[in-house]
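A.B. asks: structure of the sequence below:
(one chain, ligands or ions: 1)
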Amino acid sequence: MIVIVDFGSQTTHLIGRRIREMGCDVVIVNPEVVLDHTTNVKGIILSGGPASVYGKGSPTIDKKIFELNIPVLGICYGEQIISYLLGGEVKPGKKKEYGPATLTITDLTSPLLKSLPQDLNVWMSHGDAVVKIPPGFKTTGVTETIPYAVIENEKKKMYGIQFHPEVVHTQFGEVLLQNFLTICNIHFQKHELDVEYVNNMIEDIKESIGEEKAICALSGGVDSSVAALLVHKAIGHRLTSIYIDSGLMRKDETKTLREVFKTHYRMNVKIVHAGKLFLKNLKGVTDPEQKRKVIGKTFIKVLEIEAKKLKAHFLVQGTIYPDIIESAGTKHASKIKSHHNVGGLPKNMKLGLVEPLRNFYKDEVRKAGSLLGMSDSIVQRRPFPGPGLAIRIIGEVTERKLAILRACDAIVKEEVKNAGLELTLWQAFAIFTGLKTTGVRGDERVYGETIAIRAIEAKDAMSAHWARIPYEVMDKMSVRIVNEVRAVNRVVYDISNKPPATMEWE
Ligand code: XMP
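C.D. replies: Next up is the predicted model:
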């Protein structure tokens, strides 16, 4: 069992819930009686609280607690009380700090910080701070303003952190608490992903965001859709989901999104029509990397304008576990192409991050979506790149090329669906190759566009085989494309594997 000593923080019970979710019993006690609750206890967590350690009548604990050989984790006020009682020093900060901060881990060997990235987003809420650590302690993490954001005495298994790992907007908060359980020699179990689990996630988000507002960049992909719906279930209309129609989307994408999220789920979705701006910024751009950069920057600019209007405190992102690994630089693909995800906002906006899916793999995200009642048309969606059709048009992106590609792509999509191949393929799409070839239509010579079809089988984004889709299906696609899209007179099928060919052509 873990004992949590409650110093009056609003989020003490959240610490309890997190620990319980890991399959461990918890009791929350007042500071005065903690020594009565130490039988069968494997770890003690000191919560945060609104007081100052040196204030008159401030809650405190009996120092004997540190001599019981039980690991202790102090959170915020908990860290300050450890420091204060064991010979360190605590002082009021220049001003109260409430909001996000970047924690930099200075000692990655710390058992409390195991498996965490070097830099992570954490949530601060405090007035005082530790200015001198007690003898026997060392610092393992800092922020720009807090030199003792994580302190530890590994020999005595005592740890202190200035931020709040229990709130959803501290990245890897659960990992840190799991690490503490490991230090306490507790073998925890992750809960099954079921309705109860999802409901708990919603409760957590509700309590962590409180009465504040949040925004979300909704792309219509599985991850951002599930993240947005989770947060919508938690805080309703205080979440504004911003969907930017870049004009680079597939056919009917915006219409479907409106129907699903606005009409069906009654979510607060703001659709921003920015197609003209994207095309203007893409004028004359032919280099693939340049295209991605221009699109990424334009997305962020549009999002920033909308975010500023809304005065939100939190940004919801559909980050999933593999994204975190990839952004840590292990994925070679990210060095090949600058992948861009819509959620990024400039650092100076100081928004707290809410990433409810950050511990999930893709299949778990789909399962969470289904448990939330989402239809298969959303949860089983195939990936679609952030830069959209622009990276499937070789050369400059124009309205004409987009219209041609969109029509061809819709045919590919429809025929894949008709053939029942949707779920067996990673992706299937059309590419505007920019290559003109000679053909004949009626009795006339035509000089028309060449469209390529790419259908891929893959287990992850790292490698892929071209899909052996039946010839009849290819034939249907080809015949329909040249008949229904007049500008096209030739269709080719891409038979390249990855590596060396990436899935997208640009
Ligand atoms: P590549 O072309 O790198 O694609 O083999 C691997 C997978 O990633 C998708 N992709 C992207 N997704 N932003 C995204 O969100 C991007 O910039 C991007 N580029 C490629 C691609 O569709 C495929 O599923």
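A.B. asks: OK, contacts around the residue lying closest to residue 213 once chain neighbours are set aside?
C.D. replies: Leaving aside its chain neighbours, residue 213 sits nearest to residue 312 (4.3 Å; criterion: CB to CB, 6 or more residues apart in numbering). Where you see a C-beta, it was placed from the backbone N, CA and C, and this is true even at glycine. By CB atoms under 8 Å, 6 or more residues apart in numbering, the residues touching residue 312 are 212-215, 240, 351.
A.B. asks: if you set the cut-off to 6 Å instead, what comes out?
C.D. replies: Neighbouring residues of residue 312 by CB atoms under 6 Å, 6 or more residues apart in numbering: 213-215.
A.B. asks: part of a helix, is it?
C.D. replies: No - applying DSSP: H, G, I helix; E, B strand; the rest coil, one finds residue 312 to be coil, outside a helix.
A.B. asks: what about residue 384, how many neighbours?
C.D. replies: 17 (other CB atoms under 10 Å).
A.B. asks: re earlier: in strands, which of the contacts of residue 312 fall?
C.D. replies: The strands in this structure, assigned by DSSP state E, contain 214-215 from those.
A.B. asks: which one of the contacts of residue 312 is nearest to the ligand?
C.D. replies: If you rank those by distance to the ligand using CB to the nearest ligand atom, residue 215 comes first, at 19.1 Å.
A.B. asks: follow-up on the earlier one: now tabulate the contacts of residue 312 in a markdown table and tack on pLDDT, distance to the ligand and neighbour count.
C.D. replies: Listed next are those as a markdown table, based on pLDDT from 0 to 100; distance: CB to the nearest ligand atom, whole Å; neighbours: other CB atoms under 10 Å:
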| residue | pLDDT | distance to the ligand | neighbour count |
| --- | --- | --- | --- |
| 213 | 95 | 26 | 15 |
| 214 | 96 | 22 | 25 |
| 215 | 95 | 19 | 29 |
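A.B. asks: any chance of JSON lines for the contacts of residue 312, columns distance to residue 416?
C.D. replies: Below are these laid out as JSON lines (distance: CB to CB, whole Å):
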{"residue": "213", "distance to residue 416": "40"}
{"residue": "214", "distance to residue 416": "36"}
{"residue": "215", "distance to residue 416": "34"}
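A.B. asks: out of the contacts of residue 312, which comes closest to residue 199?
C.D. replies: Within these, the smallest distance to residue 199 is 19.0 Å, found for residue 214 (CB to CB).
A.B. asks: from residue 98, how far out is the closest residue to the closest one other than its chain neighbours?
C.D. replies: In this structure, residue 214 finds its nearest non-sequential neighbour in residue 314, 3.9 Å apart by CB to CB, 6+ apart. From residue 314 over to residue 98 the distance is 13 Å, taken as CB to CB, to the nearest Å.
A.B. asks: ok, now residue 301?
C.D. replies: Distance check for residue 301 against residue 98: by CB to CB, it reads 28 Å.
A.B. asks: remind me which residues of the stretch 251-400 of the chain are low pLDDT?
C.D. replies: Counting by pLDDT under 70, the stretch 251-400 of the chain contains low-confidence ranges at 324-349.
A.B. asks: up against the ligand, what does the stretch 151-300 of the chain have?
C.D. replies: Counting by CB under 6 Å from any ligand atom, the stretch 151-300 of the chain comes close to the ligand at residue 292.
A.B. asks: tell me who's in contact with the most centrally placed residue in the chain.
C.D. replies: For the chain, the residue sitting closest to the mean C-alpha position, by CA atoms, centre = their mean, is residue 319 at 1.7 Å. Contacts here follow CB under 6 Å, 6+ apart; on that basis residue 319 touches 355, 358.
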